[in-house]
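**Student:** Requesting a structural model of the entry that follows:
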Amino acid sequence: MEDTGIRDVFLKESREILDHLESDLIVLEEGSDPEVVHRLFRYFHTLKGSSGIAGFKNVYEFTHKVESVLDKVRSGGVAVSPELIDLLLGSLDWVREAIAGDDAAPEESRRALISKTDALLGVGESAPDAAPEKADIPEPEREIEVGFRYFRVHAAFREDVFESGIDPLLIMEDLAALGKFVERKIDRSRLPLLEDMDPEKCYLAWDLVLKTKHPQQKVDDVFLFVRDDNDISVEDITALYTSGAGGRGTQEERMLGEILTEKGILTENELTDVLISQELENKKIGTLVVEKGYATDKDLQFALTEQEKIKKKVETSTVRVDTGKLDTLLNLLGEIVIGQSGINRIADELDEEKGFRLKNALYGLDRVTREFQEQIMAIRMIPVGPSFEQFRRFVRDSAHALGKDIRLEIEGAETELDKTVIEKIGDPLKHMIRNAIDHGIETPEERGQAGKEPIGRIMLRAYHQEGNVFIEVSDDGAGVNRKRLREKAESMGIIKPGDEVNDARLLSILFMPGFSTAARVGELSGRGVGMDVVKTNIESLRGSVEIETRAGEGTMFRVKLPLTLAIIEGMLVRVGGSIYIIPLLSIVESMQPRREDISTVKEKGEVVHVRGEFVTLVRLYDLFGIKSEFQNPWESLMVIVEAGISRVGIMIDELLGQQQIVIKSLENYISRSRALSGAAILGDGRVALIIDVHGLVEELSR
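**Tutor:** A predicted model of the protein is given here:
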């Protein structure tokens, strides 16, 4: 692999590792947990190794220091404290900056951090994982020293291991740093001929015996991030080694011996005897256990069957796929859907028998196409958890800046959403969380006076419901001050003094451009860039946002999002000679109103009376300047749609049916209308415009 390839892999994977580290550090601050400490150590260990492979020498040396501190935390030599968390978070920031700067970052901050790590490690004390010595490996030795343990290590790496940013030699150096190799055998059977050798592939494999004073957990940690995808085993052979049986037996024979021992067929002493005899007589272990009378042929056959099952265990592997390739697949699928629509149209024009046969064949194709689409969309889906975890640091730092103590709780981290949607929802969620920190949650003193716990809580929750994903951002703060909200709205001329305004209407003012109730302008809020930006961004994703609040109990923002932005189920409708598509998820019902249901209401204009509610009537032909078959609402059909708490009735001439739609973007000169979100190509080649229900409601309110 070229250096640029290795660096690209490192840059991508380091971002993920740093995000995991940041989340775990916040969790550790909230309560010491040995498992979290262990994870932090593993992540830094991986970051150290990967940075070394990618040529980030400064990052490699720095992370080695931090890893040593975490090793002391693991062993109980350093206690978890606010100072330690600050040091580790500061270290993360420095590493991020160094990686972004191509291994260059401010030297002053690095020296300050190194000074703090040295203080924790002890002045003049060497780190537990000091740089490995590259001494020659001695010949096998048999002297047994008190306090040492012996581990047989088998390490055979996959040929594509370099593509994961892993360097086996660095792993071996880390292993050597734990002690001394008293036996080493390099497996050369995987080496191809020189002319067939690929410099980007790994052909390395070792069988080693390590003498060390460290426990097995320490040895296992060296292989933590390569064990699942490579042939790695670590076996404590101290007892065998001290009895003279060390180093004997192949990997398969040891596995067979372990199976026989675990099943109670062999004792440990019998296994030791067999291993010694195996080397002296050069016989297979299975033959020896039967010859010595330790096992029957039936026992041996059982163990061999178990051994084969273990060897055939299927390894799960993953492949990184560029989202651009998935988009291309999705576009091709869209062309297939368009083609199907065209064939369906032709089938309608054929005679009954041929049309029936063709539609029957198309039914099977439609089923396969839908399954294909579902599989592509499933590949694009990723859990929201990693994105949610990134907010832990933001909540911590923002709360500290305001003298507040706030915890972020996450629920539904496994909920999946289209990667594109997740990438675009980050900023709106951050703004809502910022709003909760700055406006919602009180200071510890204020919370105490209100009889609340001093620690405030923000809940970030995701779940699936009715074909959508809902994300809720809630806090246990003071809630929205409705009195101050109304006073501010009146001072801005949004509502008139004395006007009756229901709760939903009052709270919706929070989403108006430039509106803010902040009494001060600070880093977090009060700059006039408020919740209107959140609303606009969410609606650009074909989503909606609602707010619920209770005085003294807190506030919740509920965001509703489609699973994907690429494909929708839509209802095709005709107005005059034009075809429009209304997203199925926005449709409440379709109906033909009666003449007496139509009226005009002050400040709402033309409305239709539907089930005890007045719904604003929308004449699409007027909105888009086209001719319509019907001008009287009671002669036309009406589709009732909803956007958040608002409902409108759209006048149409004809319902054409439901269809799966692949969304195409509009040209700039068309997309100026907020009432349109895209277009679709129909089977007959015609273009149908897609109605943006949220944008339509917004445009009507202007």
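
**Student:** and the protein, what are its domains?
**Tutor:** 3-121, 149-311, 323-382, 384-562, 567-700 (automatic domain parsing).

**Student:** Lowest average pLDDT across those?
**Tutor:** In terms of mean pLDDT, the lowest-scoring of the domains of the chain is domain 149-311 (a mean of 77).

**Student:** just the strands in the stretch 1-150 of the chain please.
**Tutor:** Using DSSP state E, counting those that start in this stretch, the strands of the stretch 1-150 of the chain run over residues 149-156.

**Student:** In TSV: the domains of the chain, plus mean neighbour count.
**Tutor:** C-beta here means a position set from N, CA and C on the backbone, and glycine is covered the same way. Below are the domains of the chain laid out as TSV (neighbours: other C-beta atoms under 10 Å):
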stretch	mean neighbour count
domain 3-121	18
domain 149-311	17
domain 323-382	14
domain 384-562	17
domain 567-700	17
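
**Student:** Quick one: residues contacting residue 476.
**Tutor:** Residue 476 makes contact with 441, 452, 456-457, 553-554 under the criterion C-beta atoms under 8 Å, 6 or more residues apart in numbering.

**Student:** Could you rerun that using 10 Å?
**Tutor:** Neighbouring residues of residue 476 by C-beta atoms under 10 Å, 6 or more residues apart in numbering: 406, 436, 440-442, 447, 452-453, 455-459, 552-555.

**Student:** quick one, phi/psi of it?
**Tutor:** For residue 476, the backbone dihedrals (degrees, to the nearest 10) come out as phi -110, psi 40.

**Student:** Ok, residue 234 next?
**Tutor:** Backbone torsions for residue 234, taken as degrees, to the nearest 10, come to phi -130, psi 120.

**Student:** Quick check: it touching residue 223?
**Tutor:** Yes - counting by C-beta atoms under 10 Å, residue 234 touches residue 223, with 7.1 Å between them.

**Student:** Need the overlap of contacts for those two.
**Tutor:** 153, 155, 175.

**Student:** So which of the contacts of residue 476 belong to helices?
**Tutor:** Among the contacts of residue 476, the members falling in helices (DSSP state H) are residue 447.

**Student:** Adding distance to residue 303, write the shared contacts of residue 234 and residue 223 out as a markdown table.
**Tutor:** Shown next, in a markdown table, are those (distance: C-beta to C-beta, whole Å):
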| residue | distance to residue 303 |
| --- | --- |
| 153 | 24 |
| 155 | 25 |
| 175 | 30 |
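
**Student:** Show me which of the residues you listed is closest to residue 620.
**Tutor:** Set against residue 620, the nearest of the shared contacts of residue 234 and residue 223 by C-beta to C-beta is residue 155 (68.6 Å).

**Student:** ok, that closest one - contacts?
**Tutor:** The contact partners of residue 155, by C-beta under 10 Å, 6+ apart, come to 168, 171-172, 175, 187, 204-208, 222-223, 226-227, 230-234.

**Student:** Can you tell me the SS state at the residue found closest to residue 160 once you drop the neighbours it is linked to in the chain?
**Tutor:** The shortest distance from residue 160 to any non-neighbouring residue, by C-beta to C-beta, 6 or more residues apart in numbering, is to residue 201 (6.8 Å). State at residue 201, reduced to three classes by DSSP: H, G, I helix; E, B strand; the rest coil: coil.

**Student:** in the stretch 351-500 of the chain, which spans are strands?
**Tutor:** Under DSSP E, counting those that start in this stretch, the stretch 351-500 of the chain gives strands at 381-383, 406-411, 416-418, 456-465, 468-475.

**Student:** and the last one, what does it pack onto?
**Tutor:** Packing partners of strand 468-475 (3 or more C-beta pairs under 10 Å, 6 or more residues apart in numbering; DSSP states H and E): strand 406-411, strand 416-418, helix 419-435, strand 456-465, strand 544-550, strand 554-562.

**Student:** Identify whichever of these lies nearest to residue 634.
**Tutor:** Closest to residue 634 of the helices and strands packed on strand 468-475 is strand 544-550 (C-beta to C-beta; 30.4 Å).

**Student:** by contact count, what packs against that closest one?
**Tutor:** On the basis of 3+ C-beta pairs under 10 Å, 6+ apart, strand 544-550 makes packing contacts with helix 419-435, strand 468-475, helix 503-508, helix 531-539, strand 554-562, helix 693-700.

**Student:** that older thread, ok, which of the strands of the stretch 351-500 of the chain comes nearest residue 8?
**Tutor:** Among the strands of the stretch 351-500 of the chain, strand 381-383 comes nearest to residue 8, with 20.1 Å by C-beta to C-beta.

**Student:** Give the partner strands of the closest one in its sheet and their orientations.
**Tutor:** strand 416-418 (antiparallel) (DSSP bridges).

**Student:** Identify the residues contacting the partner strand?
**Tutor:** Contacts of strand 416-418 (C-beta under 10 Å, 6+ apart): 323, 377-378, 380-385, 387, 422-425, 462, 464, 468-469, 471, 541, 561-566.

**Student:** cool, stretch 190-203 as well?
**Tutor:** The contact list for stretch 190-203, computed with C-beta under 10 Å, 6+ apart, reads 1-2, 5-6, 156-163, 166-169, 187-189, 204-205, 230.

**Student:** repeat that for 6 Å
**Tutor:** Stretch 190-203 is touched from outside by 1, 157, 159, 161-162, 205, with contacts defined as C-beta atoms under 6 Å, 6 or more residues apart in numbering.

**Student:** what about that stretch, how long is it end to end?
**Tutor:** With C-alpha to C-alpha, to the nearest Å as the measure, stretch 190-203 spans 6 Å from end to end.

**Student:** So which residues of the stretch 151-300 of the chain form helices?
**Tutor:** Listed in chain order, the helices of the stretch 151-300 of the chain (DSSP state H, counting those that start in this stretch) span residues 168-176, 216-222, 238-242, 251-262, 268-281, 285-291, 297-311.

**Student:** same deal with the stretch 601-702 of the chain?
**Tutor:** Taking DSSP H, counting those that start in this stretch as the criterion, the stretch 601-702 of the chain carries its helices at 620-624, 693-700.

**Student:** Of all those, which one is nearest residue 55?
**Tutor:** That would be, of the helices of the stretch 601-702 of the chain and by C-beta to C-beta, helix 693-700, which comes in at 49.1 Å.
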